[in-house]
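Visitor: okay, predicted coordinates and the sequence, questions at the end:
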Amino acid sequence: MSAVNKLFIYVVLPILVAIACAIGAAYYWVNQPLALPSPKVDILVPKGATPASIAAQINQARVALSPAAFVLMARLTELDTKIKAGGYQLVQGDSPLRILRRMAQGDVTSRQITLVEGWNLRQIRAALAQHPDIRQSIHSTSDAELRAQVGLDAPYAEGLFFPDTYIFPIGTTDLEILQRAARAQQQMLDRAWAARQDNLPLRSPYQALILASIVEKETGKASDRARIAGVFINRLRLNMPLQTDPTVIYGMGEAFDGKIRKKDLQTDHAWNTYTRGGLPVSPIASVGQASLTAALNPEKHEFLYFVSKGDGSSAFARTLPEHNKNVSQYILGRKP
């Protein structure tokens, strides 16, 4: 056997076999499904995360993955610089390469939360705190501090977060969602204010938001919104107290037990529209687009009173005697 053949057989061939085996093993590893401890495993990739830190997170989630191999794969595929921050979900059948590609494509796992029209800030904060996929950052933050963190230019944070369904990647903070809701509310308010009726007794968009929040809480039937808004506009023009129970209830805070009593109506505070004239000092709830539109484009009429009929709709009256008859019929249950 020639020296060349011996060199090939004893030196070159083993090297080629080793390379082939390494390539085969690497191909098998990058495409081999990982063993997950549950059907789905959520991973949060923060901004600036490296393949090594991502592999460490995956290991912490009780998924066996070689950090060194994951880093090498990311570098060889040139996907290490394309990884995007966000929440990702590992599912059964996922291989290391599939996970890496998903992160490079920014195929984040989305979650959602709905902030309901008419909720107050306390309810919004509770919903954010209870959501398992939202990262908590404001649990010990006061409303005043929250207002500053969000960047709100208003004396109160109440009513400044637009009620809507917000889609977000896993690991988004509660503050980030509130910042989005605040921007959405401001945009909605700007558009509504620009399209308002002429000569309304409202001096600013913030006052419009306050009135809209009252309309939101007072309206049981959507078709009544503009008419109810018209009642409050008429009262403001005549300098009549608004005398609306939801503002009193809001001012009572957690002391409200589901019933409003005569003494509650007589106890003065900044939101009591029985003891104080004009609008209260802040909104009392989150405001949907329909209530904001109604507040700035109220129905023109002569009604000064309304009372719930008990079926979601309201009975309206121009005079106090008419209103008393409605109260007798719909609240006291007396036949007209």
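Guide: Done, it's in.
Visitor: switch to C-alpha atoms for all contacts and neighbour counts from now on
Guide: Fine.
Visitor: helices along the stretch 101-250 of the chain, start to end?
Guide: For the stretch 101-250 of the chain, helices defined by DSSP state H, counting those that start in this stretch occupy the ranges 121-130, 143-150, 174-194, 205-218, 225-237, 245-252.
Visitor: Serialize those helices to JSON lines and add fields for distance to residue 73.
Guide: Converted to JSON lines, the helices of the stretch 101-250 of the chain look like this (distance: least, C-alpha to C-alpha, whole Å):
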{"stretch": "helix 121-130", "distance to residue 73": "38"}
{"stretch": "helix 143-150", "distance to residue 73": "40"}
{"stretch": "helix 174-194", "distance to residue 73": "33"}
{"stretch": "helix 205-218", "distance to residue 73": "54"}
{"stretch": "helix 225-237", "distance to residue 73": "60"}
{"stretch": "helix 245-252", "distance to residue 73": "58"}
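Visitor: tell me which of the ones you listed lies nearest to residue 104.
Guide: Set against residue 104 and scored by C-alpha to C-alpha, the helices of the stretch 101-250 of the chain come closest in helix 174-194, at 23.1 Å.
Visitor: picking up where we left off before, among the helices of the stretch 101-250 of the chain, which is nearest residue 102?
Guide: Taking the helices of the stretch 101-250 of the chain one by one with C-alpha to C-alpha, helix 174-194 is closest: 23.6 Å.
Visitor: list of residues touching the closest one?
Guide: 128-129, 134-138, 150, 152, 160-164, 166, 205, 208-209, 289, 292-293, 296 (C-alpha atoms under 8 Å, 6 or more residues apart in numbering).
Visitor: kindly report the same for stretch 32-45.
Guide: 54, 57-58, 61-65, 84-96, 170-171.
Visitor: same check, this time on stretch 104-118
Guide: 79-80, 82-89, 102, 124, 127-128, 131, 133, 162-170, 213, 216-217, 285-288.
Visitor: at 6 Å what do you get?
Guide: Residues from elsewhere that reach stretch 104-118 (C-alpha atoms under 6 Å, 6 or more residues apart in numbering): 82-84, 86-89, 163-169, 285-288.
Visitor: report the buried members of the residues you listed.
Guide: For those, a neighbour count by 16 or more other C-alpha atoms under 10 Å gives the buried set as 83-84, 86-89, 163-164, 168-169, 285-288.
Visitor: ok, which pair from these is furthest apart?
Guide: That would be 83 and 285, which, of the buried ones among the contacts of stretch 104-118, are the farthest apart (C-alpha to C-alpha) at 40.3 Å.
Visitor: so where do the strands sit in the stretch 51-200 of the chain?
Guide: Assigned by DSSP state E, counting those that start in this stretch, the strands in the stretch 51-200 of the chain fall at 86-91, 110-114, 165-169.
Visitor: so the first one versus strand 110-114, what angle?
Guide: Spelled out, it's strand 86-91. 120 degrees (axes from the mean of the first three to the mean of the last three C-alpha atoms, to 10 degrees).
Visitor: so which elements touch strand 86-91?
Guide: strand 40-45 (3 or more C-alpha pairs under 6 Å, 6 or more residues apart in numbering; DSSP states H and E).
Visitor: and the strand it packs on, which residues are buried?
Guide: Across strand 40-45, burial judged by 16+ other C-alpha under 10 Å covers 41-45.
Visitor: okay, residue 62: pLDDT?
Guide: On pLDDT, residue 62 comes in at 91.
Visitor: so what's the residue count around the closest residue to it other than its chain neighbours?
Guide: In space, residue 62 comes closest to residue 37 once its chain neighbours are excluded; the distance is 6.6 Å by C-alpha to C-alpha, 6 or more residues apart in numbering. Counted with other C-alpha atoms under 10 Å, the neighbours of residue 37 add up to 12.
Visitor: against residue 54, how distant is residue 37?
Guide: Going from residue 37 to residue 54 by C-alpha to C-alpha, to the nearest Å gives 17 Å.
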